[in-house]
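Trainee: sequence first, predicted coordinates after that:
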Amino acid sequence: MSVAKVTEIIAASTVSVEDAVRQGVKRASKTINGIQAVWVKDIKAAVAEGDITEWRCTLKLTFVIKD
């Protein structure tokens, strides 16, 4: 039997939503081992002068807890 844990992070990118998700998972994997899944809980964007300047994603990461 395995036990999983879910943790929530926020990641941002000036490029795209997909890039924010990828960068968030990449950064989290430096300190969290065994990430199995990511759920994009929320997407927001920062706007300046009528243009989107940054995409911000709230992510829930699922990882298995080791014995």
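Mentor: Done, it's in.
Trainee: and the closest residue to I35 other than its chain neighbours, what pLDDT?
Mentor: Nearest residue to I35 in three dimensions, chain neighbours excluded: F63, at 4.8 Å (Cβ to Cβ, 6 or more residues apart in numbering). Placement of C-beta: from N, CA and C, glycine included. Looking at F63, its pLDDT stands at 96.
Trainee: does F63 sit in a helix, a strand or a coil?
Mentor: Per DSSP: H, G, I helix; E, B strand; the rest coil, the secondary structure class of F63 is strand.
Trainee: number the chain from 50, please
Mentor: With the count now opening at 50, the last piece we talked about shows up as F112.
Trainee: which residues touch it?
Mentor: Each residue near F112 by Cβ atoms under 8 Å, 6 or more residues apart in numbering is listed here: 53-54, 56, 81-85.
Trainee: rerun that using 7 Å as the cut-off
Mentor: 53-54, 81-85 (Cβ atoms under 7 Å, 6 or more residues apart in numbering).
Trainee: ditto for Q85
Mentor: Going by Cβ under 7 Å, 6+ apart, Q85 touches 53, 111-113.
Trainee: so it, which state does it fall into?
Mentor: strand.
Trainee: cool, and V89?
Mentor: strand.
Trainee: what does the pLDDT read for the residue nearest to it when sequence neighbours are not counted?
Mentor: The shortest distance from V89 to any non-neighbouring residue, by Cβ to Cβ, 6+ apart, is to C106 (5.6 Å). You'll see C106 listed with a pLDDT of 98.
Trainee: what distance do you get for C106 to K90?
Mentor: Separation of C106 from K90 (Cβ to Cβ, to the nearest Å) stands at 8 Å.
Trainee: can you redo the contacts of Q85 as a markdown table with distance to V74?
Mentor: Below are these laid out as a markdown table (distance: Cβ to Cβ, whole Å):
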| residue | distance to V74 |
| --- | --- |
| A53 | 16 |
| T111 | 11 |
| F112 | 11 |
| V113 | 15 |
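Trainee: wait, which of the residues you listed is closest to D100?
Mentor: The closest of the contacts of Q85 to D100 turns out to be T111 (Cβ to Cβ; 34.2 Å).
Trainee: burial count for the closest one?
Mentor: 14 (other Cβ atoms under 10 Å).
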